[in-house]
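Peer 1: Can you look at this prediction? I've put the sequence above it.
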Amino acid sequence: MKLLAKFTIIFVLVFGAGLALAGVVAYRFIWQSAQDQVLAQARLMMQTSLSARTYTSAQIAPLLSNDQAHERNFLPQTVPSYAATESFNYLREAYPDYGYKEATLNPTNPRDRATDWEADVINTFRNHSDQKELTGQRDAATGPALFLARPLTAEPPCLECHDRARTAPPALIRTYGSANGFGWKAGEVVGAQIVWVPMAIPIRMANMGFRELMVSLAAIFLFTLVLLDVLLYFTVVRPVSRLSAMADEISMGNFSTPELPASGKGEISVLAGSFNRMRRSMEKALKMLEGQ
């Protein structure tokens, strides 16, 4: 096997091992980065829902609270949680993979009732009052999902409708009945805002980023391999090949080949100089033997 081929095989093995190790380490960072990016989007969406809640309670509810239509028929648009959920439904037109729910243990509107896993999230907040955010994974009908949750606390304005059934607005009772959504206490964690997204989203993002990274690294590897081979050819392989060719000529008694250039202090130059001296010594020794 030629010298350049041996060097190429060594480089391929070394760079290949380095590329594989870099891929393993990089995928972990890329995967974590993809999750962080998805959660950052979820936090932004949740903040958007919080803004909708604040806008509804600060501006919409006061406008409609004294409206005669609100007295006759309950208008859910005055409820912050309803406004947040509806506004997120419009947001889902641009982000269909994301889901949002204001899950509540004892809601007035049945669509807000917490499922088993949502109830576990709410109870975590109830049992750990200092915890303001929770992230994790859950099993959904479409597969594993990543979720972000924040607690919902009953504020004094909430008690106007959720304290006792007899003090609740009559229009609310006519719409939802008096069996659910009452008995809330001020400062009590009654639910949780939850944004979720299928795990397939961060996995797809991580795989795409990993694929682009590995393609880039492979291109750099090939370029580096070609560059090293070219440099090795001109600095090592070609001088060694010339030494080998001169050795063949001398072994056959041909001393007419020109001497190799031996300028410089590198190993190849030193070897060429030593070879030239050996050639001259052999040539002199043969002439002396022929003269005897």
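Peer 2: Thanks, I have it. Residues are numbered from 1 along each chain as shown.

Peer 1: and residue 95, which of the three is it?
Peer 2: Under DSSP: H, G, I helix; E, B strand; the rest coil, the three-state class of residue 95 is coil.

Peer 1: Check residue 149 too.
Peer 2: On the three-state scheme (three-state DSSP), residue 149 is labelled strand.

Peer 1: same thing with residue 45?
Peer 2: Applying three-state DSSP: residue 45 is helix.

Peer 1: Return the per-residue confidence for it.
Peer 2: If you check residue 45, the pLDDT there is 86.

Peer 1: OK, contacts around it?
Peer 2: Counting by Cβ atoms under 8 Å, 6 or more residues apart in numbering, residue 45 makes contact with 88, 91, 95, 98, 100, 195. For every residue, glycine as well, the C-beta is placed using N, CA and C.

Peer 1: Tell me where the stretch 151-292 of the chain has helices.
Peer 2: Remark: helices assigned in the stretch 151-292 of the chain by DSSP state H, counting those that start in this stretch are 159-162, 170-176, 200-232, 238-251, 267-291.

Peer 1: Give me the packing partners of the longest one, helices and strands only.
Peer 2: Using 3 or more Cβ pairs under 8 Å, 6 or more residues apart in numbering; DSSP states H and E as the contact criterion, the neighbours of helix 200-232 among helices and strands are helix 3-55, strand 143-153.

Peer 1: possible to save the ones you listed as a markdown table with distance to residue 62?
Peer 2: As requested, the helices and strands packed on helix 200-232 are arranged in a markdown table below (distance: least, Cβ to Cβ, whole Å):
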| stretch | distance to residue 62 |
| --- | --- |
| helix 3-55 | 11 |
| strand 143-153 | 21 |
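
Peer 1: Pick out the shakiest of the ones you listed, pLDDT-wise.
Peer 2: Ranked by mean pLDDT, these end with helix 3-55 at the bottom, a mean of 86.

Peer 1: returning to that earlier point: of the helices of the stretch 151-292 of the chain, give the one that comes closest to residue 77.
Peer 2: When the helices of the stretch 151-292 of the chain are compared by Cβ to Cβ, helix 170-176 sits nearest residue 77, at 12.6 Å.

Peer 1: hang on, the earlier thing: mind putting the helices of the stretch 151-292 of the chain in a markdown table, mean pLDDT included?
Peer 2: Converted to a markdown table, the helices of the stretch 151-292 of the chain look like this (pLDDT from 0 to 100):
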| stretch | mean pLDDT |
| --- | --- |
| helix 159-162 | 82 |
| helix 170-176 | 81 |
| helix 200-232 | 88 |
| helix 238-251 | 71 |
| helix 267-291 | 70 |
